[in-house]
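> quick one: sequence plus predicted model below, questions after.
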Amino acid sequence: MDSPCSQIQNSLKNLLDLRTQFAETYSRVDENKDRHDPENKQAIEYSLALMEETKLAQELLNLQLQYASQKKILYQTSLLESFPDDEEYDAIEGIDREVYPIPTLEQFTERIKAKREMVKNKYEQGFTKLILVPFGMPLSILIMRYAQLLNQHNKENTLFSTDGTKLDLEVDNPVFFWDGYLGLKPNKKPNKEIIYEADRAGDLIYFPNNFDKDDHQGKTKLELLKEENGSQAWQILLLEDLPDLPAENKGKTIKDRKQLEANKTPNDYLKAIQTQKQYQSEQGLTLESWLIYAITQLQEKNQAIDDYQGQGKACYLTGSYQKKFGSVPYAYWSRVDRQAELSGSYPGFPRGRDACRSGVMI
């Protein structure tokens, strides 16, 4: 098996070879000849085919480079560990106490190739940002790591909004979370004891078809981990790289797809993603995937995402549902409270400050 570095080098070589072939083939096209001339027609058709192959090779190389960057970020934030066995491998520990290795670059590349047409279509629609989501691990750890990272950036004076504003931070509580996700035992200790975790308890539902306590048709994290040999422990997503979600009537249309805009209900967003052809292959984000995108943006750009008091909007996370309270998670940055906030809302409640982000699972 080639090393990740060798695989990326091979992809780069393939891209350069395709570019050379395209240049050589296109040089044989005679613009003074009729396009239906047999030799000219063959050169034109081959040039167009090589152009498409070159484009796909460029996309693959870009995604492989992002994979390497994501893995580095997961290490930097202590979300990824080396587990010694017969040989060391990089993995997470799930809420079921099982160890789940991160997909290798080779496995990642195979997933891309297996869904080539879908990836190509969504990439052209703007889904160019890759995130690796350690979905199987406890939500509490992801929240803790994001809080630690915010404090680190605040200490280094590298915590900004997308408009360049230096953000203040509530250092003792950098991430507010609703007790419908995590419950803490009331005491005066600096490290409070966790007494309730919605993902462990099975109250947090993932990928529901309805926001209905009795008919959500979604699954718990433990149920998902039992499927397909634990493949859901790591979720690979493509996102639009939009740390600021569009306001109402401000979404762009890219390749026949209109960006999701603010001021609709969670029910509206869920239905649109499920039923409209332009959103085919998409799904709402979970709390876990939002946190990884937030961590990534902070590490790469020193920016907080979904700053609704700045240029952004709060984000409904329609890939999650708190069935115990009938609530849809949403997340944002609060300048007033000086913290990231993980809250919840009723499914039929629209606000101009709230929008939705979707992703494509590979």
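That came through fine. Residues are numbered from 1 along each chain as shown.

> let me see the contact set for Q7.
Q64, L105, E106, T109 (C-beta atoms under 8 Å, 6 or more residues apart in numbering). Where C-beta positions appear, they are placed from N, C-alpha and C, glycine not excepted.

> same deal with P329?
Taking C-beta under 8 Å, 6+ apart, one finds Y181, T286, L287, Y316, L317, S320, Y321, Q322, L342, S343, G344 in contact with P329.

> closest to Q217 among these?
Nearest to Q217 out of the contacts of P329 is Y321 (C-beta to C-beta; 10.2 Å).

> tell me which element that closest one falls in.
In this structure, Y321 sits in strand 320-322 according to DSSP states H and E.

> out of the contacts of P329, list just those in helices.
L287 (DSSP state H).

> so which of the contacts of P329 is the most crowded?
Y316 (34 neighbours; other C-beta atoms under 10 Å).

> what bridges to it?
Y316 has these beta-bridge partners by DSSP bridges: Y330, C356.

> circling back to that earlier point, output the contacting helices and strands for the strand holding Y321.
With contacts taken as 3 or more C-beta pairs under 8 Å, 6 or more residues apart in numbering; DSSP states H and E, strand 320-322 sits against strand 204-206, strand 328-334.

> could I get those in TSV, plus columns for distance to Q259?
Below are the helices and strands packed on strand 320-322 laid out as TSV (distance: least, C-beta to C-beta, whole Å):
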stretch	distance to Q259
strand 204-206	24
strand 328-334	18
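
> right, and R111 touches L105 too?
No - at 10.7 Å, R111 does not count as touching L105 under the criterion of C-beta atoms under 8 Å.

> what about K271, how many neighbours?
K271, neighbours per other C-beta under 10 Å, totals 14.

> okay, now the unreliable bits of the stretch 51-200 of the chain?
Low-confidence regions of the stretch 51-200 of the chain, defined by pLDDT under 70, span residues 51, 56-57, 85-88, 185-192.

> just to revisit the earlier point, what about the strand holding Y321, distance to the chain center?
17 Å (C-alpha atoms, centre = their mean, to the nearest Å).

> residues contacting E59?
V119, K120, Y123.

> so of those residues, which ones are in helices?
Filtering the contacts of E59 for helices - DSSP H - leaves V119, K120, Y123.

> now S69. Nearest residue, chain neighbours left out?
Leaving aside its sequence neighbours, S69 sits nearest to E300 (C-beta to C-beta, 6 or more residues apart in numbering; 7.6 Å).

> which elements pack onto the strand or helix carrying the one you found?
Element membership of E300 [criterion: DSSP H and E] is helix 287-301. Packed against helix 287-301 by the contact rule (3+ C-beta pairs under 8 Å, 6+ apart) you find helix 38-76, strand 127-133, helix 139-155, strand 235-240, strand 328-334.

> strand 328-334 and that one, what's the angle between them?
Note on geometry: by axes from the mean of the first three to the mean of the last three C-alpha atoms, to 10 degrees, helix 287-301 and strand 328-334 are set 20 degrees apart in direction.

> ok, so of the contacts of E59, who is nearest N249?
Nearest member of the contacts of E59 to N249, counting by C-beta to C-beta, is Y123, at 25.8 Å.

> so how many other residues sit close to Q235?
24.

> what domains does the record give for this protein?
4-75, 108-361 (automatic domain parsing).

> between these, which gets nearest to I92?
It is, among those and with distance given as C-beta to C-beta, domain 108-361, at 4.6 Å.

> quick one on the thing from earlier: okay, the domains of the chain, which one's buried deepest?
Among the domains of the chain, the stretch with the highest mean neighbour count (mean count of other C-beta atoms under 10 Å) is domain 108-361, at a mean of 18.

> first-to-last residue distance for it?
Domain 108-361 has an end-to-end distance of 12 Å (C-alpha to C-alpha, to the nearest Å).

> stretch 298-311 now?
16 Å.

> quick one: it to chain centroid distance?
Distance, centroid of stretch 298-311 to centroid of chain: 15 Å (C-alpha atoms, centre = their mean).

> list of residues touching it?
By C-beta under 8 Å, 6+ apart, stretch 298-311 touches 69, 73, 76-77, 146, 149-150, 153, 158-163, 165, 167, 243-245, 293-294, 297, 312-315, 331-336, 340, 353-354.

> where does D199 land in three-state SS?
helix (DSSP: H, G, I helix; E, B strand; the rest coil).

> doesn't G136 make contact with it?
No - if you go by C-beta under 8 Å, D199 and G136 don't touch, sitting 9.7 Å apart.
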